[in-house]
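Enquirer: requesting a structural model of the entry that follows:
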Amino acid sequence: MEDCKNVFKGNILVILQRYVFLTIYGIFKYLPTPIGDLFRAFYLKLFLKRLNSIWIREGVTFHFPENISIGKSVISEFVYFNGYGGIEVGDKVLIGAGSKFYSHDHAFSDLSKPIWSQGLIKKPIIIKDNIFIGCNVTVLGNVTVNEGAIIGAGSVVTTDVPENSIVAGVPAKIIGNRNENLAAVR
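Expert: Have a look, this model is predicted:
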């Protein structure tokens, strides 16, 4: 756990890098597809931990990009990544428009201090390969979405999602399994 002062304290170069990133990315953030995708991908490769995709649609927001890793995946419009605690997105992942990823939480265990002064807790998010995340999904920290999963639109994911499962709701619960659904179609 780090207190709020330590989150922004430190090397002036790190602070300048963050402001340079946000300022220049603001120019590319809303450029229309397809040329905007290329500009965003080129620029984001300089700042993200890893980026193997050119499919970053307009309006996607990145905070703490140095902690975000994205494989060969498609990120739709207006997705929000807060990478403070670390976010890993695998390959062949489709992320629907308006989805949000929060890899941290506020500390609140010390009753003698106001919550705003207790700092942040890093809570990494891992999105494995071959996953479909519907529109307006929220994924909270300390969550792993395992391979082949589907998350229904509007869901709030607070716990790990098993392999090949279909989850939906607030909070997201298992509503099916891709193996069962495929067997029913055959």
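Enquirer: next, the buried residues of the longest helix that the chain contains.
Expert: Ordering each helix of the chain by length in residues (DSSP state H) puts helix 12-28 first. For helix 12-28, the neighbour count (16 or more other CB atoms under 10 Å) marks Arg18, Phe21, Tyr25, Phe28 as buried. From N, CA and C alone the C-beta is placed, and that goes for glycine too.
Enquirer: give me the below-cutoff pLDDT ranges for the protein.
Expert: Segments of the chain classed as low confidence (criterion: pLDDT under 70) are 1-11, 181-186.
Enquirer: against Lys123, how distant is Gly88?
Expert: I think there's a mix-up here, since residue 88 is Glu and not Gly. 13 Å (CB to CB, to the nearest Å).
Enquirer: who has more neighbours, those two?
Expert: Neighbours were counted for Glu88 and for Lys123 using other CB atoms under 10 Å; Glu88 has more, 19 against 16.
Enquirer: which stretch of helix or strand covers the more buried one?
Expert: Assigned by DSSP states H and E, Glu88 belongs to strand 87-89.
Enquirer: ok, now Thr33?
Expert: Using DSSP H and E, Thr33 falls within no helix or strand.
Enquirer: any idea how far Ala153 is from the closest residue to it other than its chain neighbours?
Expert: Of all residues not flanking Thr33 in the chain, Arg57 sits nearest, at 6.0 Å (CB to CB, 6 or more residues apart in numbering). Per CB to CB, Arg57 is found 17 Å from Ala153.
Enquirer: how about Asn82?
Expert: In this view, Asn82 and Ala153 are 21 Å apart by CB to CB.
Enquirer: quick one: the helices in this protein?
Expert: Under the criterion DSSP H, the chain contains helices at 4-8, 12-28, 35-44, 178-185.
Enquirer: packing partners of the second one?
Expert: I take that to be helix 12-28. Applying 3 or more CB pairs under 8 Å, 6 or more residues apart in numbering; DSSP states H and E, we find helix 12-28 packed against helix 35-44.
Enquirer: what inclination does the helix it packs on have with respect to helix 12-28?
Expert: Angle, helix 35-44 to helix 12-28, by axes from the mean of the first three to the mean of the last three CA atoms, to 10 degrees: 170 degrees.
Enquirer: buried ones in helix 35-44, by neighbour count?
Expert: The neighbour-count check on helix 35-44 (16+ other CB under 10 Å) flags Gly36, Asp37, Phe39, Arg40, Ala41, Tyr43, Leu44 as buried.
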